[in-house]
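> Sequence plus predicted model, see below.
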Amino acid sequence: MIGRHRHLIGLEPLSREEIVGVLQLAISMKEVLRRPIKKVPTLRGKAVVNLFFEASTRTRTSFETAAKILSADALNWTSASSSVTKGETLVDTARNIEAMHPDVLVIRHPAGGAPQLVADHVSCAVVSAGDGAHEHPSQGLLDLYTLAEHFSGVRGKAVGEKGAAPNFGSIAGKTIAIVGDVSHSRVARSDLHGFTKLGARVRVCGPPTMIPQGMETLGATVHYQLREAVEGADAVVMLRIQHERIGDPLIPGTREYSKFWGLNEKKAAEWLTPGCVILHPGPVNRGVELAPEVADGARSVILDQVENGVAIRMAILYLLAGGAQGAHTSAAEGAARS
Ligand code: CP
């Protein structure tokens, strides 16, 4: 369970305390991840099935890695090589996989709402690995973890070292800009819920055609000029254009997009505060939303996000596969001691 929840479908339904519970557990999980022998028996006998109806590099690999470090059996399923190609429905697919007794189904699907539909029809735990433009909750959690490491000054310190644990209260009062194709981004939505629940001020920015209605009601301020959005920000999350979810073109071309909403070295040097870090969920379209020098530069925490993603997914699987049974702290200690 994650607090009161059997499934992880999004960050919107989670309370601040439930979010912080997962983040706290991930501290111990990161320590396990960084060990020379990264294997603990915590979820031995449990099974995790990754059901991916869309391509993925980071999310699928890190859920698999997370399961294996915790000694769960991890099975990868992709729609392209499945009976979905013969017309089998999502619910029939999930119920047939469930008949094989997995403990957790991790689902990525192009349709918003697909993980909830599955959760309504199976008895095992369901985790959304991203559904349409709805939410990508594990990405939101790993972004929060990465920000807290930076804001509490523990980035680069050895995990487990005294004073090296991120303080999740450090996110409160910070200003975070989310820039790009916000309309089609499930990452933007999970980030927005997570950042505001932990007390950050959120600015969203992009071409008017890529900013949905109602952002203000979710607690964000809306900006159409990149400079206005990023000046004075403590962190900037850059997003790619989600071409796979766009029908008619929303911008004249990627050159215009890059000119007005892309971040290059010159803009970063002139507009960002010295301590401002840059996040990106990946995959990065180099030279479009981010210049390679910025993606690989000193401000970038993109690979920290990837590492933290494994720790976060270990924590999620641990909680939902029944490892914790509600006792976050002792569960974390147990995993770390194993
Ligand atoms: N951040 C993210 O979801 O990346 P993948 O599509 O590679 O999983």
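Nice, thanks for sending it over.
> Show me the helices in the protein, by range?
Secondary structure of the chain by DSSP state H: the helices cover 16-33, 58-69, 90-98, 114-119, 137-151, 186-197, 226-230, 254-261, 265-271, 292-295, 302-320, 328-337.
> if you compare those, which one is most tucked away?
helix 137-151 (a mean of 27; mean count of other CB atoms under 10 Å). Where C-beta positions appear, they are placed from N, C-alpha and C, glycine not excepted.
> and it with the ligand, contact?
Yes - counting by CB under 6 Å from any ligand atom, the ligand is contacted by helix 137-151 at residue 139.
> Looking at the helices of the chain, spot the one closest to residue 286.
Closest approach to residue 286 among the helices of the chain (CB to CB): helix 292-295, 4.8 Å.
> Which neighbouring elements make contact with that closest one?
With contacts defined as 3 or more CB pairs under 8 Å, 6 or more residues apart in numbering; DSSP states H and E, the packing partners of helix 292-295 are helix 265-271.
> run the last query once more with 10 Å
strand 235-238, helix 265-271, helix 302-320 (3 or more CB pairs under 10 Å, 6 or more residues apart in numbering; DSSP states H and E).
> follow-up on the earlier one: which stretch in the helices of the chain is the model least sure about?
Ranked by mean pLDDT, those end with helix 328-337 at the bottom, a mean of 50.
> Residue 166 touches residue 152, doesn't it?
Yes - in this structure, residue 166 is within contact of residue 152 by CB atoms under 10 Å, at 5.0 Å.
> So which of those two has more stuff around it?
Using other CB atoms under 10 Å, the more surrounded residue of residue 166 and residue 152 is residue 166, with 27 against 18.
> if I pick that one, what's in contact with it?
23-24, 26-27, 30, 144-155, 157, 159, 308 (CB atoms under 10 Å, 6 or more residues apart in numbering).
> 6 Å - rerun?
148-149, 152, 154 (CB atoms under 6 Å, 6 or more residues apart in numbering).
> Can you show me the strands along the stretch 101-250 of the chain?
For the stretch 101-250 of the chain, the strands defined by DSSP state E, counting those that start in this stretch cover 104-109, 125-131, 175-179, 201-205, 220-223, 235-238.
> Out of the ones you listed, the one nearest the ligand is which?
Smallest distance to the ligand across the strands of the stretch 101-250 of the chain (CB to the nearest ligand atom): 5.6 Å, for strand 125-131.
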